[in-house]
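Visitor: show me how the following folds:
(one chain, ligands or ions: 2)
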Amino acid sequence: MSDSETMRAVQVPEADEAFEVVERPVPEPRPNEVRIEVAACGVCGGDVHVCEGGASDYPRIPGHEVVGTVDAVGEGVTAWEVGDRVGVGWHGGHCFDCEACRRGEFVHCTNAPVTGMDRDGGYAEYTLARSEAVAAIPGDPADEAAAPLLCAGLTTFNALRHSGARMGDLVAVVGVGGLGHLALQYARRAGFETVAVSRGTDKREAAASFGADHFVDAEAEDPAAALEELGGAGVVLATAPASDAVAPVVGGIDAGGEVISVGVPEQPVPVDVGTLVGTRGGVAWWASGTPRDAEDALAFSARRDVTPTVETFDLADAERAFRRLQEGEVRFRAVLEP
Ligand SMILES: [Zn+2]
Ligand SMILES: [Zn+2]
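Guide: Ligands and ions are numbered 1, 2, ... in the order given. Model (predicted):
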């Protein structure tokens, strides 16, 4: 229970300004909200949108891989109690009334706030979350191990389980970073033959440790040809937010295969349509999931021992953690601890 009136937080004061460490009032939960005492919050590439002007308001506290304990509940909250161990991801809530919500497609709610973008997130000692945006976290994983599962884990887990991959298929993962190292573990634990596609060879050993049966150095060889040589991929999960992470692998899918990207490149993605016609293939994107999906990802991770490799930082070092992430130096996920 909060006994102080202020809390330490990291905020982006204005678009295109650096993170600053500030003291802010501990927020009081409004109706349908819980207050979470934050134990850990992951740093995600998606946080760049807050820095670059994507937030609906400034100053804004980023952070959408929040793990903590409910320490106060607002009016009308029935699903959560003080003391519950919970998490919040990218999905910051949904309206229940728009067309997408009426179809049960809560992730695609047209009024959905994004955690850490449209609402303050988890780079703080306390944060508020809407009741429908909260996921239960079972007792097992450590705080810093649970946090990355709420965005990086959830997104790759959900993309793979909604893909057309079937037993016996080859699943390729492009990029061995924060998302890729989890995607490899999910694909391997789900029983697929797996291949990691990365630039250079410095992640070869790590990829094998995460469950890659094969490794393709996209600098040394044409990744599409390499995948074809392995029989063609049923699914290619592209995890790097770069246009050139998608286009060069389209030629590596098997008949009926697909490239599913979870990274969002700033540049358009050129795709060789002739190849897609020849393979009846597809290129698609996948965005996160609901809190209930997060609970599935957490449960699968616990049961099959999918564990993020993390570097932890003090909350006050958010700027340094974020820069390391952007420069590709983090092995493999950065987590802030207040
Ligand atoms: Zn994220
Ligand atoms: Zn809605």
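
Visitor: please make it C-alpha for all contacts and neighbour counts, starting now.
Guide: OK.

Visitor: quick one: contacts for G256?
Guide: G256 makes contacts with G234, T279, R280, G281, G282, as judged by CA atoms under 8 Å, 6 or more residues apart in numbering.

Visitor: let's see it at 10 Å
Guide: Neighbouring residues of G256 by CA atoms under 10 Å, 6 or more residues apart in numbering: G164, A165, A233, G234, V235, L276, V277, G278, T279, R280, G281, G282.

Visitor: name the residues of the stretch 101-250 of the chain found near ligand 2, please.
Guide: C101, C109 (CA under 5 Å from the ion).

Visitor: just give me the neighbour total for the residue of the stretch 101-250 of the chain found nearest ligand 1.
Guide: Residue nearest to ligand 1 within the stretch 101-250 of the chain (CA to the ion): C151, separated by 4.6 Å. A count of neighbours around C151, defined by other CA atoms under 10 Å, yields 27.

Visitor: gap between it and ligand 2?
Guide: 20 Å (CA to the ion, to the nearest Å).

Visitor: then G74?
Guide: 21 Å.

Visitor: from ligand 1, how far out is that residue?
Guide: In terms of CA to the ion, G74 sits 26 Å off from ligand 1.

Visitor: got the confidence number for P265?
Guide: For P265, the model assigns a pLDDT of 83.

Visitor: make that A208, sorry
Guide: 98.

Visitor: for S2, same thing?
Guide: 61.

Visitor: just the helices from the stretch 101-250 of the chain, written as ranges.
Guide: For the stretch 101-250 of the chain, applying DSSP state H, counting those that start in this stretch gives helices covering 143-146, 152-161, 180-189, 204-210, 223-229.

Visitor: quick one: residues contacting the residue of the stretch 101-250 of the chain closest to ligand 1.
Guide: 42-44, 46, 64-66, 88-91, 157, 179, 287-289, 294, 297.

Visitor: how about 6 Å then?
Guide: E65, G89 (CA atoms under 6 Å, 6 or more residues apart in numbering).

Visitor: the helices of the stretch 101-250 of the chain: which one's closest to V262?
Guide: Of all these, helix 152-161 sits nearest to V262, with 7.1 Å by CA to CA.

Visitor: quick check: mean pLDDT of the closest one?
Guide: 97.

Visitor: which positions within it qualify as buried?
Guide: Neighbour-count burial for helix 152-161, counted by 16 or more other CA atoms under 10 Å, picks out A152, G153, L154, T155, T156, F157, N158, A159, L160.

Visitor: same question for stretch 240-254.
Guide: Quick answer for stretch 240-254 (16+ other CA under 10 Å): 240-243, 245-254.

Visitor: got a markdown table for those residues, with pLDDT too?
Guide: Output for the buried residues of stretch 240-254, formatted as a markdown table (pLDDT from 0 to 100):
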| residue | pLDDT |
| --- | --- |
| A240 | 86 |
| P241 | 83 |
| A242 | 84 |
| S243 | 83 |
| A245 | 84 |
| V246 | 90 |
| A247 | 90 |
| P248 | 92 |
| V249 | 95 |
| V250 | 95 |
| G251 | 95 |
| G252 | 96 |
| I253 | 96 |
| D254 | 96 |
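
Visitor: out of the residues you listed, who's nearest ligand 2?
Guide: P241 (26.8 Å).

Visitor: hmm, the closest one is touching V262, no?
Guide: No: in this structure, P241 is not within contact of V262 by CA atoms under 6 Å, at 7.6 Å.
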